[in-house]
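>>> Next comes the sequence, and after it the predicted model I'd like to discuss.
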Amino acid sequence: MTLRVGVNLLWLRAGQVGGSQEYLIRQLTGLSQCNRGEFDITLFVQPNFANTHPQLATIFKFAEAPKHGGVRVLRILLEHTWLALKTRKFDLLHHGGGTMPRFGGRRTMLTIHDVQYLSFPENFSRVRLVYLSMIVPRSLNRASIITTPSQYVRDRLAAKFNLPPDKVRVVRHGIDDQLGKSATSENELRRRLRLQNKDVIFLPAVTHPHKNHKFLLQLMKTHWTDENLVLVCAGGKGRGEIDFMREVRRLNLDDRVFRLDRVVDEDRDGLMRLSKALVFPSLYEGFGAPVIEAMQLETPVVASDCAALPEVVGDAGLVLPLELDRWASALEIVASSRQALISSGKARAGQFSIAKSGQDLFDAYKAALS
């Protein structure tokens, strides 16, 4: 018997880019590879979503919600009314945005991407913290099953909210096997970005404080002092942007730090490939997709030992505590062990395919309906 499954993507704006958005889209793509008619799936989306995700539009049915312009209050209202009405006869409703409405759906699945607000409440507004402290526990209690991208997030949720272990399942990230196929060439990037023959290390991350860009600046000043070594930072301007750029100037690193805004995927993949290492000193990650993407693109990884990163990197990269002296020799270790790190990284990345992510999601749907 075919079961009807609805996926609530009303929180996801058309054209929006981010880790949680890519996570859901990739696992849904992988789900299509293992679903052999067991589930009849409808995605509930904002208007024009199909235009920015045409591949999903060819795989699944779409139901477009009335326009709400991304306004949270209106979206929540639609979830309690329009969505509840549209899905009243569905067998399962999957809420992909970390929260779920109070009403609607006999069987539900909730995806929690991270629990950063528990670890770093200072990164959130007071209004947002109050909202999360109210809605997250209520959503967790109502959900038939909960999915997370990592064991770290799973364990944090189970411990904080006293959840039964079998109620929370890990659905791993899926990395597209086409990653890097259209990467911009090294010669083009070096010419356009004026990198010449520089040795490049790369950090693709928005400049939020927990991404910890300033740790790398201290390393560049005190330990990684080779004038030929440059740090390329690509990503949107976050809450820590002003402090980061002020620190670049204070430490006189203007010639050794290349600050790019968000770059197209082709340039990002090309920068990853030409880099000596992906350097990822983040204080918090619910998963940390760039480290797996770097491994697939044959770039060694140096990451912090915070949150989910040790679990995701495993023994396929360098995982170090955030102490300058511990990172001091990291680039020399990468250079001397480069081929071994590339080989182990490729094997590690193979554990995070889109197909395997989709199979995890398929199994979670079956568990929620059992």
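Great, that's in hand. Computed from a predicted model, the values in this text were never measured in an experiment.
>>> which residues in the stretch 1-150 of the chain form strands?
Remark: strands assigned in the stretch 1-150 of the chain by DSSP state E, counting those that start in this stretch are 3-8, 39-45, 61-64, 92-95, 108-111, 145-148.
>>> So in that sheet, which strands flank the longest one, and in what orientation?
In the sheet containing strand 39-45, the strands it pairs with under DSSP bridges are strand 3-8 (parallel), strand 61-64 (parallel).
>>> List of residues touching it?
By CB atoms under 8 Å, 6 or more residues apart in numbering, the residues outside strand 39-45 that reach it are 2-10, 12, 14, 28, 31, 35, 49, 56, 60-65, 83, 86-87, 90, 362, 365. C-beta: built from backbone N, CA, C; applies to glycine.
>>> you'd agree Leu9 is up against Gly96?
Yes. Contact criterion CB atoms under 8 Å: Leu9 and Gly96 qualify, at 5.8 Å.
>>> Pull up the overlap in contacts between the two.
Leu24.
>>> got a list of what Leu271 touches?
Leu271 neighbours (CB under 8 Å, 6+ apart): Thr184, Leu189, Val200, Phe202, Pro204, Val232, Ala234, Val263.
>>> Give the burial count for the closest residue to the third one other than its chain neighbours, as a bare number.
Which is Val200. Closest residue in space to Val200, ignoring its immediate chain neighbours: Ser275 at 4.6 Å, by CB to CB, 6 or more residues apart in numbering. Look at Ser275: counted by other CB atoms under 10 Å, it has 23 neighbours.
>>> Surely Ser275 and Lys198 touch.
No. The pair Ser275 / Lys198 is not scored as a contact, 10.4 Å apart, by CB under 8 Å.
>>> Confirm Leu231 sits in a helix?
No. Counting by DSSP: H, G, I helix; E, B strand; the rest coil, Leu231 falls outside a helix, being strand.
>>> Any chance you could list what contacts stretch 216-225?
By CB under 8 Å, 6+ apart, the residues outside stretch 216-225 that reach it are 201, 203, 229, 231, 244, 247-248, 251, 253, 256-257, 279, 281, 324-325, 327-328, 331.
>>> For it, buried residues please.
Neighbour-count burial for stretch 216-225 flags Leu216, Leu217, Leu219, Met220, Lys221, Trp224 (criterion: 16 or more other CB atoms under 10 Å).
>>> still on that earlier bit, nearest approach to Ser139 belongs to which of the strands of the stretch 1-150 of the chain?
Checking these against Ser139 by CB to CB gives strand 108-111 as the closest, at 5.6 Å.
>>> Does anything pack onto that closest one? Which helices or strands?
Contact here means 3 or more CB pairs under 8 Å, 6 or more residues apart in numbering; DSSP states H and E; on that basis strand 108-111 packs against strand 92-95, helix 126-142, strand 145-148, helix 354-369.
>>> quick one: buried residues of the longest one?
Neighbour counts using 16+ other CB under 10 Å place Tyr131, Leu132, Ile135, Val136, Ser139, Leu140, Arg142 of helix 126-142 among the buried residues.
>>> what two of the residues you listed have the greatest distance between them?
Using CB to CB, the pair of the buried residues of helix 126-142 lying farthest apart is Tyr131 and Arg142, separated by 16.2 Å.
>>> Which residue ranges make up the domains of this structure?
Structural domains annotated on the chain: 3-174+353-369, 186-351, as defined by automatic domain parsing.
>>> Could you point out which of the ones you listed sits nearest Gly180?
Nearest of those (CB to CB): domain 186-351, 4.5 Å.
>>> now do the same end-to-end measure for that closest one.
28 Å (CA to CA, to the nearest Å).
>>> Also stretch 244-264?
Termini of stretch 244-264 sit 22 Å apart (CA to CA).
>>> neighbouring contacts of it?
Residues outside stretch 244-264 that contact it (CB under 8 Å, 6+ apart) are 17, 193, 195, 207, 213-214, 217-218, 220-221, 227, 229-237, 271.
>>> Quick one: buried ones out of those?
Using 16+ other CB under 10 Å, the buried ones in the contacts of stretch 244-264 are 193, 195, 207, 213-214, 217, 220-221, 230-235, 271.
>>> Could you pull up the mean pLDDT of stretch 70-90?
Stretch 70-90 carries an average pLDDT of 88.
>>> Restrict it to CA atoms and write it as PDB.
C-alpha atoms of stretch 70-90 as PDB (Å, rounded to 0.1, in the frame of the first residue of the first chain):
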ATOM      1  CA  GLY A  70       9.000  34.800   4.600                       C
ATOM      2  CA  VAL A  71       7.200  36.600   7.500                       C
ATOM      3  CA  ARG A  72       7.500  34.100  10.400                       C
ATOM      4  CA  VAL A  73       4.100  34.900  12.000                       C
ATOM      5  CA  LEU A  74       2.300  34.500   8.700                       C
ATOM      6  CA  ARG A  75       4.100  31.200   7.900                       C
ATOM      7  CA  ILE A  76       3.200  29.800  11.400                       C
ATOM      8  CA  LEU A  77      -0.400  30.900  10.800                       C
ATOM      9  CA  LEU A  78      -0.400  29.000   7.400                       C
ATOM     10  CA  GLU A  79       1.000  25.900   9.100                       C
ATOM     11  CA  HIS A  80      -1.900  25.900  11.600                       C
ATOM     12  CA  THR A  81      -4.500  26.500   8.900                       C
ATOM     13  CA  TRP A  82      -3.800  25.900   5.300                       C
ATOM     14  CA  LEU A  83      -1.200  23.200   5.800                       C
ATOM     15  CA  ALA A  84      -3.300  21.400   8.400                       C
ATOM     16  CA  LEU A  85      -6.300  21.400   6.100                       C
ATOM     17  CA  LYS A  86      -4.300  20.200   3.100                       C
ATOM     18  CA  THR A  87      -2.600  17.300   4.900                       C
ATOM     19  CA  ARG A  88      -5.500  16.100   7.100                       C
ATOM     20  CA  LYS A  89      -5.700  12.800   5.200                       C
ATOM     21  CA  PHE A  90      -1.900  12.200   4.900                       C
END
